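S.K.: A structural model of the following input is requested.
(2 chains)
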Amino acid sequence: MKTKTETDYPYAAAGRVWIVPEYKLAQLPDGSLVVLKAELDRVHRAIANEICGSSERLTVDELDFLCDVTATTYSELAQVLELNKSTLSRWKRPGSVPSTSTSHGIKRWFWMKLFGLELAAVQIPIAVLENDAGVLAYLHQQAIAEGAAESVLRRVA
Amino acid sequence: MTWLDALRHLNPEQIAVVHDPMTPRYQRAGVRLGYLLVHGVFLGHRGHDDLAEDQCVEVAVWAAAPSGVGDGYYACFRLFLDEYGAVEFAVLFAFYDGRDASPGFATAELARTYSLTQGFHDEDQD
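M.R.: Now for the predicted structure:
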């Protein structure tokens, strides 16, 4: 299958546009272009790692993206968070998760779901454990350093 | 094995989303592809307009949104078959989620009713 590579490709996901350094398209025998799931998975892991590693409060668009790419329903997430599913649905109106600690907890859970098995051997320095934001930033860097996720940039509006 | 099972058993190099060029709706389809494969329910199948039945089959799939509220995800896949009738490649070629003027279906039954109007039929598959 022939491939075509787009550079600095603008990729809309999780409520914003990301700049993907290289985005590979495949050409089918009839000449039409497609993007393989393998390529989508690579891009989505990179974006998910950026979202989870950020100290900003999780938006509902980001939450929905993380649910989509990890095949997680609100019911499953509500069970993990020991919340009612309707509580999660109510976050849609303000557009973000209501507290920073909940946001960090959700990000850590999704990061573990995406990278936990692959990066199980990663050790976190005690100094990093001082705060949740530090842990998330460290995990984000480790995913890139260990090759589990690539780096993508958020496009500045 | 059903068509949906066959789709789920493909590896990530054997499933694709159309890029013609990639519109916002089909970027969303790409994001939701993995979710659809895990949570999707089979709505029906039909033949391809130009290819023989032993070469290609099209299936319609629907999944409730992760939140369980509002329109779910409706997708059609074109499954390309090898000489033994096994699925060797699949392309998501239609995706509706109630946005960008696309139809939206809040339940599997609504999605199934729509798929029937598009020529899909849900008789048991061998």
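
S.K.: which residue ranges form the strands in chain A?
M.R.: A:2-13, A:16-27, A:33-36, A:153-154 (DSSP state E).

S.K.: hey, which of the ones you listed is tucked in deepest?
M.R.: Among the strands of chain A, strand A:33-36 has the highest mean neighbour count (mean count of other CB atoms under 10 Å in any protein chain shown), at a mean of 21. C-betas here are computed from N, CA, C, even on glycine.

S.K.: name the strands paired with that strand and say parallel or antiparallel.
M.R.: The strands that strand A:33-36 pairs with in its sheet are strand A:16-27 (antiparallel), strand B:15-18 (antiparallel) (by DSSP bridges).

S.K.: these into a markdown table, with extra columns for distance to residue B:112?
M.R.: Compiled in a markdown table, the strands paired with strand A:33-36 are given as follows (distance: least, CB to CB, whole Å):
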| stretch | distance to residue B:112 |
| --- | --- |
| strand A:16-27 | 31 |
| strand B:15-18 | 23 |
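
S.K.: turn the ones you listed into JSON lines, including distance to residue B:41 and mean pLDDT.
M.R.: Rendered in JSON lines, the data for these read as follows (distance: least, CB to CB, whole Å; pLDDT from 0 to 100):
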{"stretch": "strand A:16-27", "distance to residue B:41": "28", "mean pLDDT": "94"}
{"stretch": "strand B:15-18", "distance to residue B:41": "18", "mean pLDDT": "96"}
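
S.K.: between the ones you listed, which one is nearest to residue A:130?
M.R.: Within those, the stretch nearest residue A:130 is strand A:16-27; the backing value is 29.2 Å (CB to CB).

S.K.: residue B:60 is nearest to which of the strands of chain A?
M.R.: Across the strands of chain A, the minimum distance to residue B:60, taken as CB to CB, is reached by strand A:33-36, at 18.7 Å.

S.K.: got the contact list for the closest one?
M.R.: For strand A:33-36, contacts defined as CB atoms under 8 Å, 6 or more residues apart in numbering or on different chains pick out A:4, A:23-28, B:12-13, B:15-22, B:30, B:91.

S.K.: the same query, at a cut-off of 10 Å, please.
M.R.: Surrounding strand A:33-36, the residues in contact under the criterion CB atoms under 10 Å, 6 or more residues apart in numbering or on different chains are A:1-4, A:6, A:23-28, A:42-43, B:11-22, B:26-27, B:30, B:33, B:89, B:91-93.

S.K.: now do that strand: distance to the chain's middle.
M.R.: Averaged C-alpha coordinates place strand A:33-36 at 21 Å from its chain's average position (CA atoms, centre = their mean, to the nearest Å).

S.K.: do the same with stretch A:17-31
M.R.: With CA atoms, centre = their mean as the basis, the mean position of stretch A:17-31 lies at 20 Å from the chain mean.

S.K.: which residues touch residue A:86?
M.R.: If you count contacts by CB under 10 Å, 6+ apart, residue A:86 has them with A:74, A:78, B:67, B:68, B:69.

S.K.: related to what we said a few turns ago, can you say which of the strands paired with strand A:33-36 is nearest to residue A:63?
M.R.: For the strands paired with strand A:33-36, proximity to residue A:63 was assessed by CB to CB; strand A:16-27 is nearest, at 13.6 Å.
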